[in-house]
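Undergrad: after the sequence you'll find the predicted model.
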Amino acid sequence: MAVSLITLPQMFLSGAIIPINNSSGALFVISRMLPMTYCIDLVRAVVYAGTPEYNNVVMFNPLINFAVIAALTVLCLVIGTFFFARSEKNR
């Protein structure tokens, strides 16, 4: 149930189901903070590479998408490792 509470809002707010290219305001800020936005945009860049629709569909450069995904992965690993080590010390 917890996974659904995290995944479903990201699917709607990251552009997987509803296009967010022209969003503004709070939706713009929230969509840029979600990791799934960059994953979906990277997949779109691969799928639409070399087609005339590429510039209309893809929001960011694939290198930016990959860099954001890598940075978030490292950040989550560091935070997760810290909390895991802390919980093992308190046993």
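TA: Thanks, I have the structure now.

Undergrad: CA atoms of the helix or strand containing I30 as PDB?
TA: Using DSSP states H and E, I30 maps to helix 26-33. Coordinates of the C-alpha atoms in helix 26-33 are reproduced here as PDB (Å, rounded to 0.1, in the frame of the first residue of the first chain):
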ATOM      1  CA  ALA A  26       2.600  24.500  -8.300                       C
ATOM      2  CA  LEU A  27       2.300  21.600 -10.800                       C
ATOM      3  CA  PHE A  28       5.500  22.900 -12.500                       C
ATOM      4  CA  VAL A  29       7.400  22.900  -9.200                       C
ATOM      5  CA  ILE A  30       6.100  19.500  -8.000                       C
ATOM      6  CA  SER A  31       6.700  17.800 -11.400                       C
ATOM      7  CA  ARG A  32      10.300  18.900 -11.500                       C
ATOM      8  CA  MET A  33      11.000  17.500  -8.000                       C
END
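
Undergrad: quick one: name whatever helix or strand follows that helix.
TA: Using DSSP H and E, the helix or strand that follows helix 26-33 towards the C-terminus is helix 35-47.

Undergrad: mind listing the helices for this structure?
TA: Under the criterion DSSP state H, the chain contains helices at 2-13, 26-33, 35-47, 54-57, 62-89.

Undergrad: closest one to I20 among the ones you listed?
TA: Ranking the helices of the chain by their distance to I20 (criterion: C-beta to C-beta) puts helix 26-33 first, at 4.9 Å. Where C-beta positions appear, they are placed from N, C-alpha and C, glycine not excepted.

Undergrad: name the helices or strands packed onto that closest one?
TA: Here helix 26-33 touches helix 2-13, going by 3 or more C-beta pairs under 8 Å, 6 or more residues apart in numbering; DSSP states H and E.
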